[in-house]
Every structure is written in C-alpha cells, then in structure tokens.
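Trainee: need a structure here:
(one chain, ligands or ions: 1)
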Amino acid sequence: MFKLPTLNYELDALVPYISKNTMEFHYLKHHQTYVDNLNKLIAGTEFESMFLEEIVQKTAGKPEYTAIFNNAAQVWNHTFFWNCMRPNGGSRPQGRLLEDIIKTFGSYEDFCKEFKVAALAQFGSGWAWLVRRADGGLEIMKTANADNPLAHGLEALITIDVWEHAYYLDYQNRRGDFIDAFLNHLVDWKE
Ligand code: MN
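Mentor: Numbers count the residues shown, from 1 in each chain. I've put the predicted structure just below:
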C-alpha cells in the first residue's frame, strides 16, 4: 500500500506564492486521490509488491496499463514536485549543476526564460522539467497529463506542475505568474 508522503513544510509555508487553500486541495485531495486510486488498481496484481518507480517504468506506453500508469506517475510527480520547493526558495543551483546549466543554456537567467516558455507552452494539463539525459546533458522538457521523464529513461532534476489545479485558486488564468513565483521564490535546488 502506498501512502501520501509527508511534506517537508507546513501547508501554509509557501504563502503568499501558494496558498494554504491550494495546498489543502492539491496535496490533501488531488495527491491523496492518486494514491488511493493506485492502491485500488494494483491490489492483487503483480504491481502490488513493486516500488513506485518500477510501476511507472513497467506500465509506461502500455495501453492496457494506462490507468495504473496515470495514477502511479501522478503520485511520483507530485511527491517530486513538493520536494522541488521550500519556503524562502528561489535561489540558484550551485557547483556542477550551475556549470552545466550555464554551458547548456548560456546563463541561469536564460535557463529560467526557456523553462518558463516550456511551462507556458504545455497545452492543457501537464508538467515542465529540467532533466539529465543518460549522456549527462541537460534539457528542458514538457510532458502532458501524467507523463514524466522516468517513463523516458531520463533523470528529473526539477519540475513544475502546470495542471490548472496547481495554480487556479491563487492565479486563475495567469500561469506565467505562477511559473515566475516558482522560479523566484519557491524552487529548491537542494544545494
Ligand atoms: Mn497536481
């Protein structure tokens, strides 16, 4: 049985950039629902004893497992997203990651611009990511619905949820303002 993971911060810790109201719906209701649906779908199947990452990878791209993939990936995506933020975030990455970002995008500011373009351009529900390929190179990608880098053999470094449920209560249709708030005040590069 999977459980809703514990957050590293309180539900009101990201105010004013993400309200407690949004966290109560997004984390306590949406994320919980993905966990509950996943548990129901895998009960009594071969997936019951697997790690979450394994379920995502084994069900990706297989039409007969779409429902399991969607819920497993959304559980993984949300857990990853919560860990990509912290109160008083928005600082820059350091060390090798910063060097690689500068090498790939020109500067950290240029990375932020490209990341925002990708997050804005994701039509409908989905996610924007910074990922590391197997060859070590970085790239920005966007994915629709529950799809994620794990399903494509890529390592996720940072993500933003651009499903409307992630920002609509606080920003309504201003997705760009939510992306700016994420990059300037919330992102946690863990360095
Ligand atoms: Mn979400």
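Trainee: Give me the nearest residue to Ala60, chain neighbours excluded.
Mentor: The shortest distance from Ala60 to any non-neighbouring residue, by CB to CB, 6 or more residues apart in numbering, is to Ala151 (3.6 Å). (Glycine included, C-beta is placed from N, CA and C.)
Trainee: go on, Pro5?
Mentor: In space, Pro5 is closest to Thr79, 5.0 Å off (CB to CB, 6+ apart).
Trainee: Let me see the backbone angles for the one you found.
Mentor: phi -60, psi -40 (degrees, to the nearest 10).
Trainee: May I ask you to confirm that it is in contact with Leu7?
Mentor: No: at 9.6 Å, Thr79 does not count as touching Leu7 under the criterion of CB atoms under 8 Å.
Trainee: before we move on, which element is the closest residue to Arg174 other than its chain neighbours in?
Mentor: Excluding the flanking residues, the one nearest Arg174 by CB to CB, 6+ apart is Tyr167, at 7.8 Å. Here Tyr167 is covered by helix 164-171, with elements defined by DSSP states H and E.
Trainee: Give me the contacts around the following helix or strand past that helix.
Mentor: Proceeding N to C from helix 164-171, the next assigned helix or strand is helix 175-181, under DSSP H and E. Outside helix 175-181, the residues within contact range by CB atoms under 8 Å, 6 or more residues apart in numbering are 17-18, 115-116, 119-120, 128, 160, 162, 166-167, 170-171.
Trainee: what's the distance between the strand or helix carrying Val117 and the middle of its chain?
Mentor: Assigned by DSSP H and E, Val117 falls within helix 108-121. Taking the mean of its C-alpha atoms, helix 108-121 sits 15 Å from the chain's own mean (CA atoms, centre = their mean, to the nearest Å).
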